[in-house]
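Peer 1: Below is the sequence, then the predicted model.
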Amino acid sequence: MSQTLEHLLLKKRSAILKRWLDLIFDTYPADGRSFFASRRNRIANPVGGAIVDGVDKLFDWLMQGEKSDVRDICVFLDNIVRIRAVQEFSASHSIGFVFFLKHAIRETLDSELRKEQLHEDLLTFESKIDSLALLAFDNYSQCREQLHQIRAAEIRNRTSRLLERACQKYGMPSEW
């Protein structure tokens, strides 16, 4: 009986998601990796929980195909990218987690993909993953820009307070 890629992806969903999460968590130092792996719920570990929830929703969104709206996934994509952008990952490491899904699928479905000769379907699905990565890159750029704006405002405020104190200390007018 011939199987479709969609059927295989749904059949092996939990194994694919587990492998995808393992690949993502492997990008963290050993102590962070073990923390994420042992506590994947939102309350005990909000960062790990957001990643787990996001990966789950991203996969479902990719599976919906043409029926899916980009706006539906932006919140979950934003959660993961924002976490990684704030953690000072480089751009490639911040959005690279999207490409890990390709590896997780290939590793999990290798024999089935060969047996069923689904390479064309896989390439089509991987194009969707690439599109998701582009969305992640846009999101990362926005997050980094917001961080830079926040830091610049903080520096301006700090400098302004220092100037006010200096003016008060030396009896100078504070309005220049």
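Peer 2: Sure, I can see it.
Peer 1: So which helix or strand of the chain has the lowest pLDDT on average?
Peer 2: When each helix and strand of the chain is scored by mean pLDDT, DSSP states H and E, helix 30-38 comes last, with a mean of 76.
Peer 1: Specify the angle between the next helix-or-strand element following it and helix 30-38 in degrees.
Peer 2: Sequence order places helix 46-64 as the next helix or strand after helix 30-38, per DSSP states H and E. Counting by axes from the mean of the first three to the mean of the last three CA atoms, to 10 degrees, helix 46-64 lies at 60 degrees to helix 30-38.
Peer 1: Buried residues in helix 46-64, which are they?
Peer 2: In terms of neighbour count (16 or more other CB atoms under 10 Å), helix 46-64 has its buried residues at 47-55, 57-59, 61-62. Backbone N, C-alpha and C define where each C-beta goes, glycine included.
Peer 1: would you turn the residues you listed into a markdown table with distance to F76 and pLDDT?
Peer 2: Converted to a markdown table, the buried residues of helix 46-64 look like this (distance: CB to CB, whole Å; pLDDT from 0 to 100):
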| residue | distance to F76 | pLDDT |
| --- | --- | --- |
| V47 | 14 | 84 |
| G48 | 14 | 86 |
| G49 | 12 | 86 |
| A50 | 8 | 87 |
| I51 | 10 | 90 |
| V52 | 11 | 89 |
| D53 | 7 | 89 |
| G54 | 4 | 92 |
| V55 | 8 | 94 |
| K57 | 4 | 93 |
| L58 | 6 | 94 |
| F59 | 10 | 95 |
| W61 | 8 | 92 |
| L62 | 12 | 92 |
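Peer 1: Closest one to E6 out of those residues, please.
Peer 2: Nearest to E6 out of these is L62 (CB to CB; 10.4 Å).
Peer 1: low pLDDT regions in the chain?
Peer 2: Within the chain, the segments meeting pLDDT under 70 span 1-2, 37-41, 66-68, 174-176.
Peer 1: Show me where it has its helices.
Peer 2: 5-11, 13-25, 30-38, 46-64, 70-86, 91-116, 119-169 (DSSP state H).
Peer 1: Just the residues contacting the third one, thanks.
Peer 2: In this case it means helix 30-38. If you take CB atoms under 8 Å, 6 or more residues apart in numbering as the criterion, helix 30-38 is touched by 22, 25-26, 28, 45, 47-48, 51.
Peer 1: Show me which of those is closest to I150.
Peer 2: V47 (19.4 Å).
Peer 1: Please list all residues in contact with the closest residue to the closest one other than its chain neighbours.
Peer 2: Of all residues not flanking V47 in the chain, I83 sits nearest, at 5.6 Å (CB to CB, 6 or more residues apart in numbering). I83 makes contact with 47, 50-51, according to CB under 8 Å, 6+ apart.
Peer 1: Cheers, nothing more for now.
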